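Q: Next input, structure requested:
(chains A, B, C and D, ligands or ions: 2)
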Amino acid sequence: MNSSVIVFPGSNCDRDIAVALEKMQFKNQMVWHKETKLPKSDLIVVPGGFSYGDYLRSGAIAGKSLIINEVIKSANEGCLVLGICNGFQILTETGMLKGVLLRNKNLKFINKDVNIKVINNDTKFSNKYKNNQVLKINIAHNEGNYFTNPNHLKELNDENLIAFKYCDNNGIINKSSNPNGSLENIAGIFNSKKNILGMMPHPERMVDNLISNTDGVNLFSSLLN
Amino acid sequence: MKITDQVVENHGLKIEEYTNIKKILKREPNLLELGIFSAMWNEHCSYKSSRKHLKNLPTKGKHVIQGPGENAGVIDIGDDDAIVFKIESHNHPSYIEPYQGAATGVGGILRDVFTMGARPIALLNSIHFGSPDHFKTKSLLHGVVSGIGGYGNCIGIPTVAGETKFNSTYNENILVNAMAVGHAKKDKIFYSKAKGLNKSVVYVGSKTGRDGIHGASMASAEFDENSEEKKPTVQVGDPFTEKLLMEACLELMKDNSIISIQDMGAAGLTSSSVEMASKGELGIEINLDKVPCREENMTPYEMMLSESQERMLIILEDGKEKHAKEIFKKWDLDFVIIGKTTNTNKLVLKYDNIIKGEIPINALASKAPIYDRKWIKKKLTKSKVDIKKLKKIKIEEALIKILSSANHSNKTWITSQYDQMVMCDTAQKSGSDAAIIRIHGKEKAIAVSVDSSANYCKAHPKSGGKQIVCENWRNLISVGARPIAITNCLNFGNPENPEVMGEFAECLLGIKESCEFLNYPVVSGNVSFYNGTNRKNIYPTPVIGGVGLISKFKKPISHQFKKNDSNILLIGKTFGHLERSTLLEEIYLISDGQPPEINLVNEKNNGESILGIIKDNLVNSVHDVSNGGLIIALAEMCMGSIYGAKINKPKKLTNLLKYFFGEDQGRYILEIDKGNLEKVEKILKNNNIFYENIGSTQKDYFEIQGELKINIKELYKINNQWYNNY
Amino acid sequence: MKLILAKQPQLNLKKNKLKFSVTVTLKENVLDPQGKVVQNTLQNLGVENLKRIRQGKYFEIELNDNDPQKAEKKVDDMCKKLLANLIIEDYKVNKI
Amino acid sequence: MKLILAKQPQLNLKKNKLKFSVTVTLKENVLDPQGKVVQNTLQNLGVENLKRIRQGKYFEIELNDNDPQKAEKKVDDMCKKLLANLIIEDYKVNKI
Ligand SMILES: Nc1ncnc2c1ncn2[C@@H]1O[C@H](COP(=O)(O)OP(=O)(O)O)[C@@H](O)[C@H]1O
Ligand SMILES: [Mg+2]
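A: Ligands and ions are numbered 1, 2, ... in the order given. The predicted model follows:
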């Protein structure tokens, strides 16, 4: 499977995702944001980091880059797009995913391993997980507080477009297992065609037992499936 | 402008120093030249008070590729890998503007590391605040922590370890020391020494503004009245630009374009150009019209003394300008040839086609003053505490009080604000004795830790200096790493005060002794004097940053208990040294006793043996015993685990407070499977190591027979409340 | 007690509502990394004749006070105490 | 060339300098965690009668244009294009 990772000035999880993709046998290419053409890809990843320093609003400036138009075009043609952390923020800024990511409720950067629950495993991104499976995945962000309007929230629920929700060890979704104030504990969402996934947790950090765990592996193997 | 005594003084120079400048120049300097002298001759750049003492530190060893004298130290970790690291202080700016002060501190030390061709792989910090009750402490804590996180998180380098302490000695002068560690290829290290004539001197990075011109010694009286307003002494960090600068430099470093490279740190363009020329025994000519400026109408004086961040100076090989420029253009950074190397051995500054300043390089470097300041020896206090006379306290109560105190509380509130995982090589995060970072794509890893002990150093600087090196060494040993080398940040008061100077001199003697004995050389460092106000100097606070190597990294060793019913061994002798202990300080508010003694022979023997035991895979967990003594160390091994411990009452030492809270040095706790006990005991006996079998692990409870029994979840809670309630 | 109070219609409170805006900006010579990036981005998006953009903070503060002068003094105090760091920032208070 | 240009008095530029301020605030129904924390902190510092604080962004934009109306339109465009996220934010432009 061919993948492309878009690199913006200030991206800093680009190497990490590339390592994970290659480990999972993707044929990966890095694509610099000034480029105007995307290599042929089955998967486009918009990685985490601080594109443009997170200045103005996280993701806002990257959302205006040249390459983004290509990403949108590919997505419209059905290409899979995965936005992680800052990548999720960028995808919402471009409108590819609805809603916004606000400052964390406690106004602090949060880095920790959190539990998330698989809400919909009937997608290209999650078919190797079980529904309601609890994963332990690292988060690292300032703005992960997902917010959207009531209509869209209803759509997310009705159409089963929520990918992951923050939960506790036992899979219970409640206020105290919500790290950042996110609406309904949402940690990741799909677009209506389910070919775009945006998520705050970092699956690429969870592919190596020596460093963390391997709870992120099945996201990549789902894609290969 | 006429240079009066007042102008000289405003530049932080002594009248005798000014006389000396005139003698060297054989004329009066102009204001620009005076500014340059003041930047180069101040304590920060010239090390005029410390150099004499620093010279004695051991700086060589079989792993040392580059010792002190470059932007950072470099050590060999086998194959073609090298580790580049250094620590630096940013104390004063952080007190004025904690967020930006701390952030730019991180930015500065990162530049020191990637300047040498290393990709930074870890950040550490040592931060000291005043008493939690002091009205400024809370906002300083918040500001500093978010500043450190803000910079490191944005640039994408994990902040993996550090230390945080509170003591009223820092009420008016906090300490913010940042350490950076990078990885380079051994044959691709870049130095600041200029070479060759007529080479292009290139300015890259951010534009120059009026930031931080001359910090404290600014000639305020000589500018117009609103100049004070115009010249903020605190810089704003721009981690985004630094990230671009780092990537651009590392990209350019892939081939052979660079002759020499130097970041613009303190005293900006002045010190970077002088340093390159001085090391290369060359001259340098700069055309100031070319310097990219952020603001209008900047004067040569301002350009030369600005401390704007995120800038570098590079000397390029002939014909490489176009290639280099393209790289910096790709990263949207300024790239301007501002001068060339010359054979005049002078710094020549041109502006408007006129020579505005001309100073022999050696006048700024080798002829800078060096002082042998007066210092007096500290007498060891005789005061002894009679424990029997103190108010009785239950062991359990003392334990809980200490675990819930500011200094001994769990630091997750801080560390969860730092990205510790980015780069995906952090195998052990903060919260452990030392962090472990895997070398990317390799089987080996390094361990890193920073440590200080102002309390011990205040009591007896030499023992304190000795102790802190050992504590740092122990932390690395505890995670199974062979300690290789250290960097040090020496935070002291006013060196013109003979007592402070004495603290400095003696601390260094202690550091030297330990480093020599342990074969643990100093490869880089930084001195920060004048910490204190109103004649109140801070406690002497040397901070040691150590790097160790794990050649075959299979799994991280941490201090949490791993299994049920394994044996707990205490390595090293317990005498029950309670003077200057955490117990006395936290419970009885007594802190004027002697520090514990260091026995370097035992220290080395214990450490080496444990390293061997870890290598042979005979332990489940390891922890060194430090502040708070045995009981705190044991409690730490329980917290965060599902296993606690059942500890026997000591057989010999009868005073339980002494046994459990004593701070005797050179001790470790090992958790050993029953099946491995015999093997481990044999090794310990063969190596002549004193040890005690003090109990075993058990589920759920931390217990000292007949004294206390606490649920470990409860302990964890107690240990985690302080920051959240502060 | 509290609950009951909260449910009371807050009519009388409305009367003495005062509203201020505060803008906090970096001092002239202080680097403004955000403004710089915003300016570059707009230029790349084709906006011409941009001379300079500086970014700052904005606060809207509503007070249940009725003396405008005292209230303004209070807002001024807040700026000094918390909203602005006078070493690198300036601020302006406006009644709105 | 450049050198000479830089030294020319920049009088003619001054003439057509226009300056705008932009404030960007979160829409009424969007939670404002920053404002809330600022408000709590001030209350803890002893400030009384605080009804509400909302935090937003502030921009000062200088243009080398001479038609104020066209310029204002341009600033309005910048807001729509980049400075504000209209899903959650409102903005206001003022000539200053
Ligand atoms: N305490 C110390 N121990 C050993 N070396 C030191 C110490 N302090 C400074 N040095 C060395 O002196 C040199 C100059 O230090 P410094 O001025 O802090 O460097 P920089 O110019 O990179 O900021 C460096 O090589 C540094 O490693
Ligand atoms: Mg340096």
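Q: For residue B:234, which three-state class applies?
A: Three-state assignment for residue B:234 (DSSP: H, G, I helix; E, B strand; the rest coil): coil.
Q: hang on, it packs against residue B:94?
A: No: with contacts counted by CB atoms under 8 Å, residue B:234 stays clear of residue B:94, the gap being 9.2 Å. Just so you know, the C-beta spots here come from the backbone N, C-alpha and C atoms, and that holds for glycine as well.
Q: For residue B:8, grab phi and psi.
A: Backbone geometry at residue B:8, expressed as degrees, to the nearest 10, gives phi -60, psi -50.
Q: Please list all residues in contact with it.
A: Neighbour list for residue B:8: B:15, B:18, B:34 [criterion: CB atoms under 8 Å, 6 or more residues apart in numbering or on different chains].
Q: Is the helix or strand that contains the last one positioned near ligand 1?
A: It stands for residue B:34. Using DSSP states H and E, residue B:34 falls within helix B:31-41. No: judged by CB under 6 Å from any ligand atom, helix B:31-41 stays clear of ligand 1, getting no closer than 10.8 Å.
Q: May I have that helix as PDB, with CA atoms only?
A: Extracted in PDB, the C-alpha atoms of helix B:31-41 (Å, rounded to 0.1, in the frame of the first residue of the first chain):
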ATOM      1  CA  LEU B  31      30.900  53.500  22.400                       C
ATOM      2  CA  LEU B  32      30.500  50.600  20.100                       C
ATOM      3  CA  GLU B  33      33.800  49.200  21.000                       C
ATOM      4  CA  LEU B  34      33.200  49.800  24.700                       C
ATOM      5  CA  GLY B  35      29.900  47.900  24.300                       C
ATOM      6  CA  ILE B  36      31.800  45.000  22.700                       C
ATOM      7  CA  PHE B  37      34.300  44.900  25.500                       C
ATOM      8  CA  SER B  38      31.700  44.900  28.100                       C
ATOM      9  CA  ALA B  39      29.900  42.000  26.400                       C
ATOM     10  CA  MET B  40      33.000  40.000  26.100                       C
ATOM     11  CA  TRP B  41      34.600  40.900  29.400                       C
END
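Q: if we look at it, which residues are touching it?
A: Applying CB under 8 Å, 6+ apart, the external contacts of helix B:31-41 come out as B:1, B:3, B:7-8, B:11-13, B:17, B:21, B:25, B:29, B:45-46, B:48, B:214, B:217, B:219, B:222, B:266-267, B:270-271, B:274, B:300-301, B:304-305, B:347, B:349, B:356-359, B:363-365, B:368-369.
Q: buried residues in the longest strand seen in chain C?
A: In chain C, assigned by DSSP state E, the strand with the most residues is strand C:50-63. Within strand C:50-63, the residues that count as buried by 16 or more other CB atoms under 10 Å in any protein chain shown are C:50, C:53, C:54, C:55, C:56, C:57, C:58, C:59, C:60, C:61, C:62, C:63.
Q: which ones are touching the residue nearest to residue A:203 when sequence neighbours are not counted?
A: Once flanking residues are discounted, residue A:203 sits nearest to residue A:216: 3.3 Å by CB to CB, 6 or more residues apart in numbering or on different chains. By CB under 8 Å, 6+ apart, the contact set of residue A:216 is A:20, A:135, A:137, A:202, A:203, A:204, A:205, A:206, A:207.
Q: Narrow those to those in helices?
A: residue A:20 (DSSP state H).
Q: follow-up on the earlier one: just the buried residues of the helix or strand just after the longest strand of chain C, please?
A: Next along the chain after strand C:50-63, taking DSSP H and E as the criterion, comes helix C:68-78. Neighbour-count burial for helix C:68-78 flags C:71, C:72, C:74, C:75, C:78 (criterion: 16+ other CB under 10 Å).
Q: Out of these, which comes closest to residue B:666?
A: Distance to residue B:666 across those (CB to CB) is lowest for residue C:78, with 53.6 Å.
Q: which ones are touching the closest one?
A: By CB under 8 Å, 6+ apart, the contact set of residue C:78 is C:22, C:61, D:42, D:47.
Q: Out of the contacts of residue B:8, which end up buried?
A: Using 16+ other CB under 10 Å as the burial test, these include B:18, B:34 as buried.
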